[in-house]
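Undergrad: The sequence and its predicted three-dimensional model are supplied below.
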Amino acid sequence: MNWNKWIRQAHRWVSVAFTISVIATFIALAQEEPVVWVSYVPLLPLALLLLSGLYLFALPYAAKWRNRRRTAQEA
């Protein structure tokens, strides 16, 4: 499996973890005496989603740039 497919698959699984952590945070904060530190739990998956999402967003632009460079070198 190449890097792009691996990062795409990891992005999907991290999104599942993020969703579960947000649901768990809502449940924990709805309790009578909420534990405030639980609200920080979704931040790690969110940061991973940001990084992998930005990478996946930039992939098509990088491919276009590489193809243009390759075409210019061949000409």
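TA: Okay, I see it.
Undergrad: check contacts around the residue nearest the centre of the chain.
TA: Closest to where the C-alpha atoms of the chain average out (Cα atoms, centre = their mean) is Leu49, at 1.8 Å. Contact analysis of Leu49 by Cβ atoms under 8 Å, 6 or more residues apart in numbering lists His11, Val14, Ser15, Phe18. Every C-beta, even on glycine, is put in place using the N, C-alpha and C of the backbone.
Undergrad: Among these, which one sits closest to Ala63?
TA: Each of the contacts of Leu49 was checked against Ala63 using Cβ to Cβ; the closest is His11, at 17.7 Å.
Undergrad: What helix or strand is the residue nearest to the closest one when sequence neighbours are not counted located in?
TA: For His11, ignoring the flanking residues on the chain, the nearest one in space by Cβ to Cβ, 6 or more residues apart in numbering is Ser52 at 4.2 Å. Using DSSP states H and E, Ser52 maps to helix 43-74.
Undergrad: so where's this protein uncertain?
TA: Within the chain, the ranges that satisfy pLDDT under 70 run 1, 75.
Undergrad: Would you mind measuring from the residue nearest to His11 to Val22?
TA: Using Cβ to Cβ, to the nearest Å, Ser52 is found at 17 Å from Val22.
Undergrad: Also Pro60?
TA: Note on Pro60: its distance to Val22, by Cβ to Cβ, is 29 Å.
Undergrad: now swap in Pro45 and tell me
TA: Distance from Pro45 to Val22, by Cβ to Cβ: 9 Å.
Undergrad: ok, these two, which is more surrounded?
TA: Between Pro45 and Val22, counted using other Cβ atoms under 10 Å, the more crowded position is Pro45 (19 against 15).
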